[in-house]
Every structure is written in C-alpha cells, then in structure tokens.
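# no sequence for this one, just the structure:
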C-alpha cells in the first residue's frame, strides 16, 4: 500500500496489532494507507490466518509468537473481544519495550482501563483505552476496509493517572484515521454505550427470539419481513463472541438501562388502544427526537 | 411516462387513487410505467397537492371532487392511513360504477375488510383488501418511485365472501408491480404484521424515549450513536399519522406480542451477568436465526 502522505514522518515507528479480524485488519490497512506507521506487525493465534493477513496486505509482517511480535512495538493495539483483552494484557506489558503505548479497541472500558493502569503502573509502559464504534454485523479479516474508521466515533478514555503525552498521541491516531474522538472517563463510556449500543442489541435479540418463539411458519415469516424488521434486528446477527464478553463485562449498566427501556415500552403500550390521542403525541415526539439525532 | 409493454392491453381501464402520498404517488407512476391502467386519476383533499401530482407525472388527472374522481373508476385504490380508509369507504361505494373493484393499502386488514365487505355486499361493487409492505420512514408524494413495490411483500386478503374474479385481478395487479403476493385471512394478517412490523416499531419508539429520558447531553448522544442504534430506531421516525391509526386499529395483537417480547427481554437480561455461558447460547441462537431470515 502506498501511503497517502509519503512526505510526513509516521506518527509511530512499529505498530503491533494483536488480533486480526475486521477491526485489526482494517487498522492495518488504514495505518499503511495514511502513512501513520513505518512498520505494522500482526499477531494472532493461527499460522494460516497470519499468512492470510500478510497476503491480503493488511500488515507488513505477521506472527503467532508473542515475544517476536511485541519486542519492537512502539504502539500495541489489542483488537480482540473484551475478555481476551483482559487475559492478554499481562503478557503484553512485560514483552513490550519501555515507552511503548498500549491501547485497545474493546467495547467496554472500565475493567480494561483499570487493568491496564494497574499492570503498567511504574513499568514505563503506558496504557490508554480506546473504543472505536466502527464494527458491523460482519466480522472477519476479509471484510477489512481502510476507511472503516472514517466518520465513526472513537472513545478515548482519560483517568487521573492517564499519561498526557500518550493520551495525545492516541487521540491524534484516531483523528488521523478519520474518527471523531470523544473523550470520557471509562465508567461514563460504559454507561453511554449501554444506552446507544448494548441495550439496543439486547432488544434486537429479544425481538428475534420472540419471533422465533411464535408458531408461525419460518418461511412465511422470512417472506413477509420488511425493511423495518430487517433494520431493527440487523445487529442481532453480529459476532456472538464479541457480544458475550460485552454482556458479561457491562452487565450492570445494560440491566439498568433495560429497566428504563421496559418502563418506556410499558408506558407506550398503555396507550396502545382504540383512543389514539395520547399515542399520537408519543409517536410524534419519538419521530421528532429520532429525526433530530440524524442532524449534525 | 411511456409504458414498458405498450402492446398489451392494460389490466384496468380507469384507476382512481384516493390519497396521493408516497404509496399513492408510487402506485400512479408504476401503473403508468407498466402499462397496467389506461387512465390514472388522483383524488385528494388539497387542490395544490393535486396540481403537484399531475405536474410530477404521478397521475394523468387529479381532482378534489369525489363524485368526479370515482364516477368512471374500474378500480379504486385507497391510499390513506387506516382510519381514513374506514371513514371514506361508504362515500366510495355509492359513487363508483357497478362492477368496480375497491382495494386499499392500509396497514391493518381485519376492520377494513369487514367494513368493505359489509358496505359492498349486494351492491355489485367488490372489495378486496391489500397491504403492500413498501413504505419507509420517508413520506409524501415527492418521494414517489415507480419501483417502490418491486421485490416487496404485498398481502392480499381472502375471506369466504371474497369475489374470486376480483381477487385474482388484485393478485395479478400486485404481481405485475413486482411484489411477492402473500394471501391470508384478514385476522391472520393483523397478527403477522403485529409481529414483524408493529411491535418492532413500538420497541423502536420505546428505545428512542428511553434515550431521550436519560440525562445525557443530546449533542453527545447524537455524536456517539452508531449504525446499530441508527438501524434499530430508524422506523421510529416514520409518519406518526399512519402509525397512530395502526396502533388504534391493531392494539390487541400488538399488546399480545408486546407481552411475548417483554418476556423474552426479561429472559435475556436474566442471563446478562459475569457468567456468560448461557448468554453465549442466546446470542448464537439469535444470530443464526436472524441470519437465516436474510436467506431466500
């Protein structure tokens, strides 16, 4: 890949991407395309997948050997589901050189940032949490796109002990990848994504289950679902490994917002009757609010 | 508009479209483009809108005068929200010539078909209920497209007293417009759409309300919502006039499926905790089922 800005010096020398799926693979492409790293190393568990990653041009080099992969990294980006990020963090910290920044793309932040801070404290290695909201219901390195992060939102977390230089570099990285950076405390991040991402996912799953539980013929259902149902439940087809970890790690926030959602649904259904007067207001308010969310 | 099949004789001579919004306007374009009607008349309440409809080429002729609009019709298609279809039906039946077929595009069918059958019984006029599932969150005649009905599902209802010749012509009409016709009893239609369309809409409305009710800053929320939330709640931005009628007319079926949905959400949330084992199965099942719905 020829970088877009060959004149500039790259933001990072060697970047190690741990986990090459849709998010890691797209990062590899984007880092190269935008000239943000001189050298990109992919690290993963499967030899065959690592060969594919190089062949697809996602990374310059790929390995299954953690020692080899992390030894020269100036930046590590952990691109696996949440639980695996938590598990691998200790193995990363003692393998990377001093001064190395470690970040991640995990969908929850409180537990990952707490662990990252704890493990790097006093080691000369630095942890900064990230969460690019750029996935889709597709997963796997073959869907990688250099523009995956463009125009998407990326959270970067800040705590009282966050190193400001590393923090600035991570903000610069996501900005250079085309993301809108939103800075929050990790706990606030987890509440916000429970609202705009995790509970909507749970609602889609519950809707799919409710349809599956009816005694209607599946072929008939398949024939009659329209764009409304397709849109509403699309995210339910997402990677279950990723979502399993999200639910386990962010259960408290998700459950709390699930209660708020159930109360609203009950309130709406209480006005679902032959007298449509109040329902009219409910529908208009929701329509106006939803439309206002699309305006930028 | 030059018809696609100028050699064939049209399925209908004069078609009157009552209500020229997205659905009526698109029907006008499609009937002309496919050569299914020799003459298409638009009927509406606003003089200005009727002038626009002719200018936009949606219909050959348009009027606000019901007598004039219905007098020569061989087919009437009622393209307004449900409540208005119910209100206007008596005025249509005694204005159309004997042998005229009356159908509609209403989102509910039990009450409309019952009323249509009752009013036409013994009059020589014939009612057949239709419901093309082809709307979107956009409404208004300016969004009209000749291909709106293509590849969408259209319900045509059948009751013991449905006239078979008229029924066959209505099935042929939607098929010629590119829809997949699904034939059901009106009551079964209402249950099916409560499942795949009406309750998903209510869930989207409840989700939008729950987000609006949080104390999070609206600009922040707007900045962080991703494709998942956008997809899940898109339908909440739909025409509230149309949905108000749907909720009033199909309340019993919607409420019944809302209970099933709430039970499923509760079941899912009961497994949203640090031990992800059962959640993993729930997510996988939902993902598989949702994916299978996209296969044709």
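In hand now; what should we look at? Given the structure is predicted, the values throughout are model-derived calculations rather than measurements. Numbering: from 1, shown residues only, chains lettered A, B, ... in the order given.

# Sort out which residues of stretch A:64-84 are buried, please.
Of the residues in stretch A:64-84, those with enough neighbours to count as buried (16 or more other CB atoms under 10 Å in any protein chain shown) are A:66, A:69-70, A:73-84. Where C-beta positions appear, they are placed from N, C-alpha and C, glycine not excepted.

# which of those sit farthest apart?
Maximum pairwise distance among those (CB to CB): 26.3 Å, between A:74 and A:83.

# Can you pull the phi and psi angles for the closest residue to residue A:182 other than its chain neighbours?
Residue nearest to residue A:182 in three dimensions, not counting chain neighbours: residue A:155, with 5.2 Å by CB to CB, 6 or more residues apart in numbering or on different chains. Dihedral pair for residue A:155: phi -80, psi 140, per degrees, to the nearest 10.

# One more: the one 4 residues further on?
The main-chain torsion angles of residue A:159 are listed as degrees, to the nearest 10 and equal phi -130, psi 170.

# Show the contacting residues for it.
A:113, A:117, A:185, A:186 (CB atoms under 8 Å, 6 or more residues apart in numbering or on different chains).

# so, if you compare those residues, which one comes nearest to chain B?
Relative to chain B, the closest of these is residue A:185; by CB to the nearest CB it sits at 13.1 Å.

# I'd say the closest one and residue A:160 touch.
No: judged on CB atoms under 8 Å, residue A:185 makes no contact with residue A:160 at a distance of 9.3 Å.

# In stretch A:181-201, which residues are buried?
Buried residues in stretch A:181-201, counted by 16+ other CB under 10 Å: A:181-182, A:184-186, A:188-201.

# Work out for me the element residue A:102 sits within.
Mapping residue A:102 onto the secondary structure by DSSP states H and E places it in strand A:101-104.

# in chain A, which spans are strands?
According to DSSP state E, chain A carries its strands in the segments A:12-18, A:37-43, A:61-63, A:75-78, A:101-104, A:126-127, A:130-133, A:153-157, A:180-184.

# Need these in TSV (columns: mean pLDDT and distance to residue B:280).
Listed next are the strands of chain A as TSV, based on pLDDT from 0 to 100; distance: least, CB to CB, whole Å:
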stretch	mean pLDDT	distance to residue B:280
strand A:12-18	98	22
strand A:37-43	98	25
strand A:61-63	98	28
strand A:75-78	98	21
strand A:101-104	98	21
strand A:126-127	98	28
strand A:130-133	96	22
strand A:153-157	96	25
strand A:180-184	96	28
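
# interface residues of the stretch 1-150 of chain A facing chain B?
Neighbours of chain B within the stretch 1-150 of chain A, by CB under 8 Å from any CB of the partner chain: A:83, A:133, A:134, A:136.

# Narrow these to those in helices?
residue A:83 (DSSP state H).

# on that earlier part again, kindly reformat the strands of chain A as a markdown table and extend each row with distance to residue A:166.
Rendered in a markdown table, the data for the strands of chain A read as follows (distance: least, CB to CB, whole Å):
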| stretch | distance to residue A:166 |
| --- | --- |
| strand A:12-18 | 11 |
| strand A:37-43 | 16 |
| strand A:61-63 | 24 |
| strand A:75-78 | 9 |
| strand A:101-104 | 5 |
| strand A:126-127 | 4 |
| strand A:130-133 | 11 |
| strand A:153-157 | 10 |
| strand A:180-184 | 14 |
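
# And the ones you listed: which comes nearest residue B:229?
Taking CB to CB as the criterion, strand A:130-133 is the member of the strands of chain A that comes nearest to residue B:229, at 9.5 Å.

# Could you spell out the sheet neighbours of the closest one, each with its direction?
With DSSP bridges as the test, strand A:130-133 is paired with strand A:153-157 (antiparallel).

# For the strand it pairs with, give me every contacting residue.
Strand A:153-157 is touched from outside by A:109, A:113, A:128-134, A:167, A:170-171, A:174, A:177, A:179-186, A:189, A:193, B:223-224, B:226, with contacts defined as CB under 8 Å, 6+ apart.

# how does it look with 6 Å?
With contacts defined as CB atoms under 6 Å, 6 or more residues apart in numbering or on different chains, strand A:153-157 is touched by A:109, A:113, A:129-133, A:170-171, A:174, A:179-184, A:186, A:189, B:224.

# quick one, that strand and strand A:180-184 angle?
What separates the directions of strand A:153-157 and strand A:180-184 is an angle of 30 degrees, with axes from the mean of the first three to the mean of the last three CA atoms, to 10 degrees.

# starting at the chain centroid, how far to strand A:153-157?
For strand A:153-157, the distance from its own C-alpha centre to the chain's C-alpha centre is 10 Å (CA atoms, centre = their mean, to the nearest Å).

# just stretch A:208-219 next, same as before
Using CA atoms, centre = their mean, the mean C-alpha position of stretch A:208-219 is found 30 Å from that of the whole chain.

# can you pull the buried residues of stretch A:155-168?
Neighbour-count burial for stretch A:155-168, with 16+ other CB under 10 Å as criterion, is recorded at A:155, A:156, A:157, A:158, A:159, A:162, A:166, A:167.

# So what's the residue count around the closest residue to residue A:70 other than its chain neighbours?
In space, residue A:70 comes closest to residue A:95 once its chain neighbours are excluded; the distance is 3.9 Å by CB to CB, 6+ apart. Counted by other CB atoms under 10 Å in any protein chain shown, the residues lying close to residue A:95 total 18.

# Can you give me the distance of residue A:174 to chain B?
14 Å (CB to the nearest CB, to the nearest Å).

# repeat for residue A:200
Spatial separation of residue A:200 from chain B under the definition CB to the nearest CB is 4 Å.
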